[in-house]
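1. Here's a sequence, model it:
(one chain, ligands or ions: 1)
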Amino acid sequence: MKNQETQRHGRVVVLVPAPFQGHMTPMLQLGTILHSRGFSIVVAHTEFNSPNPLNHPEFIFLPISDNLTAHETSFKNPLDSLLAINNNCKAPLQENLAQMVEKKAPNEQVSCIIYDSLMYFSEAVASHLNLPSILFRASCALNLLAYHDILRLHAEGQLPFQDSKAQDLVPGLYPLRFKDLPLPGFGTSEDSVKLIQLLSNFTTSSALICNTVDNLEHSAVSKLQQHYQVPFFSIGPLHKLASASSTSFLKEDTNCIEWLDKQAPRSVIYVSFGSLTIMNKTDLTEMAWGLANSGQPFLWVIRPGSVHGSELTELLPEGFEEKVGERGCTVKWAPQKEVLAHGAVGGFWSHCGWNSTLESISEGVPMICKPYFVDQKVNARYLSYIWNVGLELENDSERGDIERAIRRLMVDKEGDEMRQRAIDMKDKIEACVQKGSSSYSSLNNLQEFILSF
Ligand code: UDX
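-> Take a look at the predicted model:
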């Protein structure tokens, strides 16, 4: 396979994805797209949360020894874990790539390294090896823009902000309010600032790729272009540009598709909070009764480990299953893109991770937004306030609030109107990935850019 690929093109792109589902997926999708355009793809990945090579026989996988402790892979202190990944992986990646660059035949030239912003050590490795590097952002453009404002607000002594300011708009960062700022939400305020500095400061990389759609967030993209003064490629949604192949760490339970087949069109609310969110047992109980009392059919992902202190789906409250019967389906992990594209799904109650957001609006599915941390708050603001395809649900919502939100989205006229707007967005997004449109042109430009190295 390797030699075949080399004959096809002769240019190798090294990808350095971050070991999280929401980061791994879009990076592998980018790899699939670049591969389809003739590049050979090397995926340099940590041992922790490594991708399954069997799902991508067209790529070359290069494991990097990460030496992470159990505490570091638990991400109980995300800053410590991130520092450990970046410290531990630097030397092994450098050694592996140095050997690769040395051994390659002239027609197997390593063109560049494309690295996830969480794997910022890659920039130094690329510089050391005299290779160009390109930063990849798995979240929206406005999120990166907000990082710069957080650093400014911190320098001006405006962070942490007073509760009384939570609903105020942040000057220069429309439409975000102080409460929507993508602060990491763990550790001290100093920890947050340190993390944001690490993630937004790149000095020698020659370009920036963002999994976004230009006409969805034109203003943020333009501002970032001005700020960084390097080529900026808005290429998204990547899942619509890449052919489908599984990137899931967990096994997808496809039985839920059969269950969806039996439901009425647009009647089901799909519920999933992504790969990292952890809730407490009270939240789970309120969710369960909110869903049960709404009267709507629902498909609910309860990811193992997503409830504090337990691995068990038996955490569902007593009497819940009897009450919902066949109206509810729970799974540990769903084939989410297939679910959102299914005609029975009429709404998505989500934590608003950026992948989930793009996947939902690409299928014309309106959302209930319950963001937990970092960029999820920015995405929820876009959904509920700018695009008007999402209802905001406050944290600590109780069963009554949840039931009302579900009925507003799934039954009321308000929800129908949101659904219509979401369908309009779907059409616009489809247009953006067609030949000659913004994301497609951006992809052509990226290809030319890499070939120019
Ligand atoms: C995180 C952040 O929340 C996100 O905003 C950031 O940009 C990337 O990292 P995560 O919290 O996991 O990711 O959410 P999200 O970005 O939505 O990614 C989750 C992915 O898992 C999606 O591609 C979704 O399709 C997939 N998924 C989720 C499944 O395939 N099945 C499920 O049951 C749940």
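
2. Please name the nearest non-neighbouring residue to the closest residue to the ligand within the stretch 301-450 of the chain.
-> Of all residues in the stretch 301-450 of the chain, Gly353 sits closest to the ligand, at 2.2 Å by C-beta to the nearest ligand atom. The way it works is simple: take the backbone N, C-alpha and C, and place the C-beta from them, glycine included. With C-beta to C-beta, 6 or more residues apart in numbering as the measure, Gly274 is the residue that lies nearest to Gly353, at 4.2 Å, once sequence neighbours are left out.

3. how about the residues of this protein that lie near the ligand?
-> Proximity of the chain to the ligand, by C-beta under 6 Å from any ligand atom, involves residues 20-23, 25, 138-139, 248, 272, 274-276, 301, 333-334, 336-337, 353-356, 359, 375-376.

4. quick one: which of those sit in strands?
-> 272, 301 (DSSP state E).

5. other SSEs contacting the helix or strand containing Ile113?
-> Assigned by DSSP states H and E, Ile113 belongs to strand 109-116. Where contact means 3 or more C-beta pairs under 8 Å, 6 or more residues apart in numbering; DSSP states H and E, strand 109-116 is packed against strand 11-16, helix 21-36, helix 78-103, helix 121-128, strand 133-137, helix 438-451.

6. Now the last one: average pLDDT?
-> What that stands for is helix 438-451. For helix 438-451, mean pLDDT rounds to 96.

7. How about the fourth one?
-> Helix 121-128 comes out with an average pLDDT of 97.

8. same deal with the shortest one?
-> On average, the pLDDT along strand 133-137 is 98.

9. and if you look at the second one?
-> Model confidence over helix 21-36, given as mean pLDDT, is 96.

10. can you list the residues that contact it?
-> When contacts are defined by C-beta atoms under 8 Å, 6 or more residues apart in numbering, helix 21-36 is touched by residues 5, 13, 15, 17-18, 41, 43, 45, 49, 51, 56, 58-59, 114, 116, 118, 136, 138, 209, 211, 235, 238-239, 241-243, 245, 247-249, 274-276, 353-355, 443, 447, 450.

11. try it again with 7 Å
-> 13, 15, 17, 41, 43, 51, 56, 58-59, 116, 118, 136, 138, 211, 238-239, 241-243, 245, 247, 249, 274-275, 353, 355, 443 (C-beta atoms under 7 Å, 6 or more residues apart in numbering).

12. Would you quantify the distance from whatever residue of the stretch 101-250 of the chain ends up closest to the ligand to Pro304?
-> Across the stretch 101-250 of the chain, no residue is closer to the ligand than Ser139, which sits at 3.8 Å (C-beta to the nearest ligand atom). Distance of Ser139 to Pro304, computed by C-beta to C-beta, to the nearest Å: 25 Å.

13. Low-confidence stretches in the chain?
-> Applying pLDDT under 70 to the chain flags the ranges 1-8, 106-107, 311-313.

14. Show me it divided up by domain.
-> Domains of the chain are assigned by automatic domain parsing as 2-138+202-236+435-451, 255-430.

15. okay, the ones you listed in JSON lines with mean neighbour count next?
-> Formatted as JSON lines, the domains of the chain follow (neighbours: other C-beta atoms under 10 Å):
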{"stretch": "domain 2-138+202-236+435-451", "mean neighbour count": "19"}
{"stretch": "domain 255-430", "mean neighbour count": "19"}
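
16. Any chance of CSV for these, columns distance to Lys194?
-> As requested, those are arranged in CSV below (distance: least, C-beta to C-beta, whole Å):
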stretch, distance to Lys194
domain 2-138+202-236+435-451, 7
domain 255-430, 14
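
17. Filter the contacts of helix 21-36 down to just the ones in helices.
-> 238-239, 241, 355, 443 (DSSP state H).

18. Most widely separated two among the residues you listed?
-> Asn355 and Leu443 (18.3 Å; C-beta to C-beta).

19. ok now stretch 114-133, how far from the chain's centre?
-> Centroid separation between stretch 114-133 and its chain, computed with C-alpha atoms, centre = their mean, to the nearest Å, is 21 Å.
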